[in-house]
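S.K.: this one's sequence-less:
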């Protein structure tokens, strides 16, 4: 066991600042991260950790400082070949890059190729499909017996949505979930899906072959309104290298799967753990509008994003050297007492519920943020319409990761 797994809040408060390392995935699997970030925000909001399993890094823990890094694209890079977007350097950065791992101007063309699928008009067109599937999933859930909410609801709904966005073969749709889980898996996890970067890459290459076949079919056909066809016909993306193609599909799958899937589970858990909020929601279904962003903030499905300093720069009174690893901890920014009133509380009636960092900001803000919100809104509208009552039957099983704040299973019973 690592030191961070066993420390109490009192012990954390006495630990020398230079010993604070919030990169340990066990912190998030054990849901034991809050006290570390509270101390950093109060005592050293731009904090240098000289020694970690990933090398030295800067932690940015306050909401406003995170926004400064997000928006200063001249000083901070997302480029895959410089390390990418996670605290752990991208092992394939020179061969594989998606648009989230690109800087301007290349980033813009690649992002524009896929953006139309989540434009407002298309979201309106997809609403009936999303609602129909949500109704079917909820109506098929067992009553008065325990089942896994993650598998039966969160994974099923997000995987069906991904299959629609890609126009992916329906019978193989759970491959999308598998590829997503492999792509973000921590190879050092006790129950890791893959045990090495080479093993992960082999799975991703298999994924690439599957998508390449679909790509060739779509490229020969008239342009269609799915993500594969859009990229196959767009000038900025149609000639991507095999490596960049794999990286782009990994991004789209993970972005469309992990964030929404974990918010669907985290939202149910938060409401059941805060019954007064659930009662308020049942009394006023209009609160769904503010419930959704509060779930997204409170769950913070993406724990961090990383940048690499392009030049010597200053942040929060600290000098950050060119080439340094700079980590924006969204789970900390979303709990910043100076930015969000009573952030530890799950409050579905916040005055400014959309004030959060869960989608990022600037040019790399999540391209599918409105689709994620739409899926969550429809899910809760349909739950309320059925007046479903839930009982959590055991603790959630959380993911060993410092990047995805994920929930692997949640035993639930509908009363």
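M.R.: Nice, I can see it. Just so we're clear, the structure is a prediction, and the values are computed from it rather than from any experiment.
S.K.: Confidence-wise, which helix or strand of the chain is lowest on average?
M.R.: Comparing helices and strands within the chain by mean pLDDT, DSSP states H and E singles out helix 3-6 as the least confident, with a mean of 52.
S.K.: Could you check how far residue 60 is from residue 185?
M.R.: Taking CB to CB, to the nearest Å as the criterion, residue 60 is separated from residue 185 by 25 Å. Heads up, the C-betas are built off the backbone N, CA and C, glycines and all.
S.K.: So which of these two has more stuff around it?
M.R.: With neighbours defined as other CB atoms under 10 Å, residue 60 and residue 185 compare such that residue 60 has more, 32 against 21.
S.K.: these two touch, right, the more buried one and residue 324?
M.R.: No. Shown here, residue 60 and residue 324 do not form a contact pair, counting by CB atoms under 8 Å, at 11.4 Å.
S.K.: On the strand side of things, show who residue 49 bridges to.
M.R.: Taking DSSP bridges, one finds residue 57 as the beta-bridge partners of residue 49.
S.K.: For it, list the residues it contacts.
M.R.: With contact set as CB atoms under 8 Å, 6 or more residues apart in numbering, residue 49 has these partners: 18, 20, 21, 22, 23, 56, 57, 58, 59.
S.K.: How about the secondary structure of the last one?
M.R.: Of the three states, residue 59 takes strand according to DSSP: H, G, I helix; E, B strand; the rest coil.
S.K.: didn't it look like it was pressed against residue 43?
M.R.: No. Contact between residue 59 and residue 43 fails when scored by CB under 8 Å: they sit 11.9 Å apart.
S.K.: the more surrounded of the two?
M.R.: It is residue 59, of residue 59 and residue 43, that has more neighbours when counted by other CB under 10 Å, with 27 against 11.
S.K.: Now that one. Nearest residue, chain neighbours left out?
M.R.: residue 47 (4.4 Å; CB to CB, 6 or more residues apart in numbering).
S.K.: Can I take it that the one you found is in a strand?
M.R.: Yes. With three-state DSSP as the criterion, residue 47 is part of a strand.
S.K.: Just confirm it contacts residue 61, I think it does.
M.R.: Yes. A contact is recorded between residue 47 and residue 61 when judged using CB under 8 Å, the distance being 6.9 Å.
S.K.: Can you pull the residues that touch both of these two?
M.R.: Listed contacts common to residue 47 and residue 61 are residue 40; contacts here mean CB under 8 Å, 6+ apart.
S.K.: Look at those two and report which has more neighbours.
M.R.: Neighbours were tallied for residue 47 and for residue 61 using other CB under 10 Å; the higher tally belongs to residue 61 (28 against 24).
S.K.: Quick one: name whatever helix or strand follows the least confident helix or strand of the chain.
M.R.: Moving toward the C-terminus from helix 3-6, the first helix or strand encountered (DSSP states H and E) is helix 9-14.
S.K.: give me every residue that touches residue 86.
M.R.: If you count contacts by CB under 8 Å, 6+ apart, residue 86 has them with 304, 305, 306, 403.
S.K.: And for the last one, the neighbour number?
M.R.: Read that as residue 403. As a burial measure, the neighbour count of residue 403 was computed by other CB under 10 Å and equals 22.
S.K.: Give me the phi and psi for it.
M.R.: The main-chain torsion angles of residue 403 are listed as degrees, to the nearest 10 and equal phi -110, psi -50.
S.K.: Check the second one too.
M.R.: The phi/psi pair for residue 305 (degrees, to the nearest 10) reads phi -130, psi 150.
S.K.: So which elements touch the helix or strand where residue 408 lies?
M.R.: Of the helices and strands defined by DSSP H and E, residue 408 is found in strand 407-409. With contacts defined as 3 or more CB pairs under 8 Å, 6 or more residues apart in numbering; DSSP states H and E, strand 407-409 has these neighbours: helix 242-273, strand 397-398.
S.K.: which one of these has the most crowded surroundings?
M.R.: helix 242-273 (a mean of 23; mean count of other CB atoms under 10 Å).
S.K.: Next, the buried residues of whichever helix or strand comes after it.
M.R.: The first helix or strand that comes after helix 242-273 along the chain, using DSSP H and E, is helix 275-283. Of the residues in helix 275-283, those with enough neighbours to count as buried (16 or more other CB atoms under 10 Å) are 277, 278, 280, 281.
S.K.: What count of nearby residues applies to residue 48?
M.R.: Using other CB under 10 Å, residue 48 has 15 neighbouring residues.
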